[in-house]
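Trainee: fold the following.
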Amino acid sequence: TYGVKRLILRDQNRALKSYKQGKGVFNFNNEQEQQIALKFSLALASKNHKSANEWLQQVEDNNLTDNIVQWKIADVLRKQDWPSIKTELLSLPEYYQQKQQWKYWYARSLLEAGDEAQGRAIMEKLADKRHYYGFLAASVINAPISYQNNPISVAEAEKRQLFKHLAGKRAFELFHLKRYHHARKEWNYWMSELTDREQLVAAKLANEIGWYDRAIFALSQVGYLDDVDLRFPLAFDKEINRHATKYAINPAWAFAIARRESSFMSDANSPVGAKGLMQVMPATAKQLTKRKRISTKYLLDSKNNINLGTKYLKKLLDKHKGNQVLATAAYNAGPYRVKRWLKSANSLPADIWIETIPFYETREYVKSVMAYQQIYQNKVGQPAQLFEQLARKNITQL
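Mentor: Residues are numbered from 1 along each chain as shown. Below you'll find the predicted structure:
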């Protein structure tokens with residue numbers, strides 16, 4: 001069991017053959033067979049292997065995970081077999097059927113089958129949500145996009161009272177001194193001493209002085225997600241607009257990338273070494289600047305980072321012939337992986353291609369960036385056409 005579970009990740013056909021031979025020698029119990037089915041189904045589905053569906057069907061309902069459900073549906077989505085998609089969705093436990101993601105695809109299957117009334121009714125409910133699938137649903141039925149913006153109302157007296165906390169004073173002072181690490185430590189201690197309402201007031205204060213990431217994280221921590229202006233600020237707008245214009249890319253896209261990458265934390269560092277607002281890798285920076293060495297200080301400078309990030313977005317956009325979905329995926333996963341994914345896929349509608357991206361992180365990244373860009377396009381006064389294009393555009397091999 002252990003051996004074939006390891007082998008399936010490296011050599012799918014050899015693992016399938018080895019397991020078939022092993023069944024003639026060993027008596028696998030049900031638990032072992034389910035372990036193998038779980039591992040085989042995920043490995044084969046992510047590689048778009050012809051045996052994927054057979055293995056996905058072997059996973060019992062009590063062993064279903066979000067990942068298994070994702071690939072059960074993705075496998076039939078790739079074939080655009082709408083009756084099978086509908087059947088597969090209806091076979092899921094109720095918990096999964098109620099998720100926005102699968103409601104969208106169930107509604108799509110109904111519309112594709114000609115059930116206009118029921119499909120549209122589900123899409124209308126989804127279109128009321130500020131969410132990737134809500135924006136998709138609105139585009140499919142030509143409904144207005146709902147941003148559900150409900151700004152926090154804070155009185156000046158609340159701000160003055162809150163600012164009496166010494167930890168808050170220290171946090172803001174350290175932020176102004178650009179000692180961001182120590183500022184966040186004080187902030188975190190301060191938040192632990194505050195009520196939910198006080199944390200919302202603190203988020204408002206942080207936003208007003210340009211400490212955007214603390215405002216974003218505070219709202220998320222409290223669970224208040226409907227103040228769109230605080231959650232999606234036009235941070236570093238002068239530099240982002242200047243460099244987006246310089247490289248001829250949509251500034252709303254650049255805002256969305258920076259928001260998803262770092263929540264506008266200028267000194268952000270990832271575990272793999274990406275740095276700054278737009279999480280630029282040192283190797284990418286060297287390539288873009290043609291320098292042999294790039295210092296961390298250089299990369300963490302917001303102006304430099306935005307320049308490099310937007311320049312790289314333009315390079316990826318040109319490489320993918322203006323296809324922003326592919327360029328966004330490449331910004332996260334790298335252009336070589338995207339090229340490999342395209343080789344193994346036929347022409348697919350963009351929403352299906354996104355749903356079948358093999359990497360979970362990249363799949364969710366692209367969805368987030370697309371949704372964030374839609375919000376930013378609205379904020380900067382651009383026509384709301386991003387998801388209309390997404391629902392009608394095909395992704396083909398380059």
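
Trainee: can you give me the distance of the closest residue to Leu126 other than its chain neighbours to Val76?
Mentor: Closest residue to Leu126 apart from its sequence neighbours, by C-beta to C-beta, 6 or more residues apart in numbering: Ala137 at 3.7 Å. Every C-beta, even on glycine, is put in place using the N, C-alpha and C of the backbone. Going from Ala137 to Val76 by C-beta to C-beta, to the nearest Å gives 20 Å.

Trainee: before we move on, what about Lys343?
Mentor: Lys343 is 21 Å from Val76, by C-beta to C-beta.

Trainee: what of Leu89?
Mentor: As for Leu89, its distance to Val76 is 9 Å (criterion: C-beta to C-beta).

Trainee: by mean pLDDT, flag the weakest helix or strand of this structure.
Mentor: helix 386-392 (a mean of 82; mean pLDDT, DSSP states H and E).

Trainee: list the helices and strands that one packs on?
Mentor: helix 132-140, helix 350-355, helix 360-379 (3 or more C-beta pairs under 8 Å, 6 or more residues apart in numbering; DSSP states H and E).

Trainee: what's the shortest one in contact with?
Mentor: Residues from elsewhere that reach helix 350-355, judged by C-beta atoms under 8 Å, 6 or more residues apart in numbering: 73-74, 77-78, 80, 105, 136, 325, 345, 363, 366-367, 370, 389-391, 393-395.

Trainee: CA atoms only: put it into CSV for me.
Mentor: Only the C-alpha atoms of helix 350-355 are listed here, as CSV (Å, rounded to 0.1, in the frame of the first residue of the first chain):
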residue,chain,number,x,y,z
ALA,A,350,-12.1,29.9,-19.5
ASP,A,351,-14.3,29.2,-16.5
ILE,A,352,-13.8,25.4,-17.1
TRP,A,353,-10.1,25.8,-17.7
ILE,A,354,-9.7,27.6,-14.4
GLU,A,355,-11.7,25.0,-12.5
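
Trainee: same question for it, mean pLDDT?
Mentor: Mean pLDDT, helix 350-355: 94.

Trainee: how far off centre is that helix?
Mentor: Between the mean C-alpha location of helix 350-355 and the chain-wide mean there is a distance of 13 Å, by C-alpha atoms, centre = their mean, to the nearest Å.

Trainee: flag every buried residue along it.
Mentor: Buried residues in helix 350-355, counted by 16 or more other C-beta atoms under 10 Å: Ala350, Asp351, Ile352, Trp353, Ile354, Glu355.

Trainee: ok, the third one to His131 distance?
Mentor: Distance from Ile352 to His131, counting by C-beta to C-beta: 18 Å.

Trainee: contacts made by stretch 327-344 with the rest, please.
Mentor: Outside stretch 327-344, the residues that reach it (C-beta under 8 Å, 6+ apart) are 47-48, 253, 257, 312-313, 316-317, 319-320, 326, 357-359, 361-362, 365-366, 369-370, 395-398.

Trainee: selecting buried members of those in ChimeraX, what would you type?
Mentor: Remark: buried members of the contacts of stretch 327-344, expressed as a ChimeraX selection using 16+ other C-beta under 10 Å:
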select :48,253,257,312,313,316,317,319,320,326,357,358,362,365,366,369,370,395
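
Trainee: just the ones of the contacts of stretch 327-344 in strands?
Mentor: Counting by DSSP state E, the part of these found in strands is Ile395.
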